[in-house]
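Q: make a model of this:
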Amino acid sequence: MSASFWDRRAEKYSENISSDRRNGRLREALELIRDTGLRLEGAEVLDIGAGPGTFAIPLARMGARVTAVDISAEMLKRLEKNAAEEKVSSIKTVHGSWKDLDLDALGFKGKFDLVIASMTPAINGPEAFDRMLEASKGVCYYSGWVGRKWDKAYYELYRMLFNEDYREASHGGLYLPFMYLYTMGYRPTLRIKQELWSSDETVDSMVDEVAGFFSSTKKIDEETRGRIRAYFQERSKDGAYRSETLAVTGMMVWEINSR
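A: Modelled structure (predicted):
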């Protein structure tokens, strides 16, 4: 999913920044981080894939100096707007792809007391994960997918559009980074959680989301987008489609000098 995809999602993500689900995840993450003994007041924090500030703004309110990185310029604009509204000034934003940033030129190597990568596609392989470790001098927090049962629309549309059943891919979002750390001698603290995510979405947002998801393996042209739109228009009520996803996610925390 490209920067433009996330640009289009920025407004919705910003609106949901204080949702119960996100607040619950934030509380659990902070519990794990505090259990390491890290003092957040005065800490240098790097938030990779920061989005509209779900983690960056609360951490800044706690006294941390936060550097927020995101590939989406619109996400960072929302973050800056949210931070200004909450009178938070200790956040620096960096626009760019995590894998392409020059860590030496930015002075990022070994700089941060806490490095966060929460449910972000910015960490998409060993090289990106290694760069996360290189930026830390203290604690790292990572969260990712363990499993996901999509809303039924994904499966029905896939069959309708491509004449085949959608094959569930294994989710390496958490277990591959966990095993990678383990082979290096780390023993991260790990938590797994299963939730049913329900939300009322607009037809436009569902078309964008589903088309973006399918485009990783299939060609999505305007005709295909039109068929996706017709599907959701038929199944929406008062312009809203009720989406339900069974999500299994995990989070882990480890200290760089603990192996």
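
Q: how much space between Glu80 and Ala122?
A: 19 Å (Cβ to Cβ, to the nearest Å). For every residue, glycine as well, the C-beta is placed using N, CA and C.

Q: same question for Arg78.
A: Taking Cβ to Cβ, one finds Arg78 at 17 Å from Ala122.

Q: in terms of neighbours, single out the busier of those two.
A: Using other Cβ atoms under 10 Å as the criterion, Arg78 and Ala122 rank with Arg78 on top: 22 against 18.

Q: mind listing what the more buried one touches?
A: Neighbouring residues of Arg78 by Cβ atoms under 8 Å, 6 or more residues apart in numbering: 10-11, 13-14, 51-53.

Q: chain center to the particular helix or strand that has Ile57 in it, what's the gap?
A: Using DSSP states H and E, Ile57 sits in helix 56-61. In terms of Cα atoms, centre = their mean, to the nearest Å, the centre of helix 56-61 is found 16 Å from the chain centre.

Q: mean confidence for it?
A: For helix 56-61, mean pLDDT rounds to 95.

Q: over to stretch 151-166?
A: 95.

Q: do the same with stretch 97-108
A: On average, stretch 97-108 scores 96.

Q: same question, stretch 220-230
A: 96.

Q: element containing Leu190?
A: Here Leu190 sits within strand 189-202, counting by DSSP H and E.

Q: ok, the closest residue to Gly144 other than its chain neighbours - contacts?
A: Closest residue to Gly144 apart from its sequence neighbours, by Cβ to Cβ, 6 or more residues apart in numbering: Gly173 at 3.1 Å. Residues near Gly173 by Cβ under 8 Å, 6+ apart: 144-146.

Q: and stretch 238-249, how far out from the chain middle?
A: 17 Å.

Q: what of stretch 141-149?
A: With Cα atoms, centre = their mean, you get 10 Å for stretch 141-149.

Q: please shift the residue numbers so they start at 11 in all later answers.
A: Sure, I'll start counting at 11 from here, so that last one is stretch 151-159.

Q: show residues contacting that stretch.
A: 35, 39, 42-43, 124-129, 133, 142, 181, 183-185, 187, 202, 255-263.

Q: widest-spaced pair of the contacts of Arg88?
A: Maximum pairwise distance among the contacts of Arg88 (Cβ to Cβ): 13.6 Å, between Glu21 and Gly63.

Q: hang on, the earlier thing: buried subset of the contacts of stretch 151-159, written for PyMOL?
A: In PyMOL, a selection of the buried entries from these looks like this (16 or more other Cβ atoms under 10 Å):
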select buried, resi 35+39+42+43+124+125+126+127+128+129+133+142+181+183+184+185+187+257+258+259+260+261+262+263
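
Q: so which of the contacts of stretch 151-159 belong to helices?
A: 35, 39, 42-43, 142, 183-185, 187 (DSSP state H).

Q: now for the residues you listed: which two are most distant?
A: Ile43 and Tyr185, at 21.1 Å, using Cβ to Cβ across those.

Q: for stretch 68-76, buried residues please.
A: So, applying 16+ other Cβ under 10 Å, buried residues of stretch 68-76: 68-70, 72, 74, 76.

Q: which one of those residues is nearest Ala240?
A: Looking across these and measuring by Cβ to Cβ, the closest to Ala240 is Pro68, at 40.8 Å.

Q: and that closest one, what does it touch?
A: 36, 40.

Q: now with 10 Å, please.
A: 27, 33, 36-37, 39-40, 50, 74, 76, 96, 98 (Cβ atoms under 10 Å, 6 or more residues apart in numbering).

Q: tell me how far it lies from Gly260.
A: Pro68 is 21 Å from Gly260, by Cβ to Cβ.

Q: now do the helix or strand hosting Thr103: everything it contacts.
A: Applying DSSP H and E as the criterion places Thr103 in strand 101-105. Strand 101-105 is contacted from outside by 13, 55-58, 60, 63, 66-67, 69-70, 74-83, 85-87, 89-90, 92-94, 111, 116, 118, using Cβ under 10 Å, 6+ apart.
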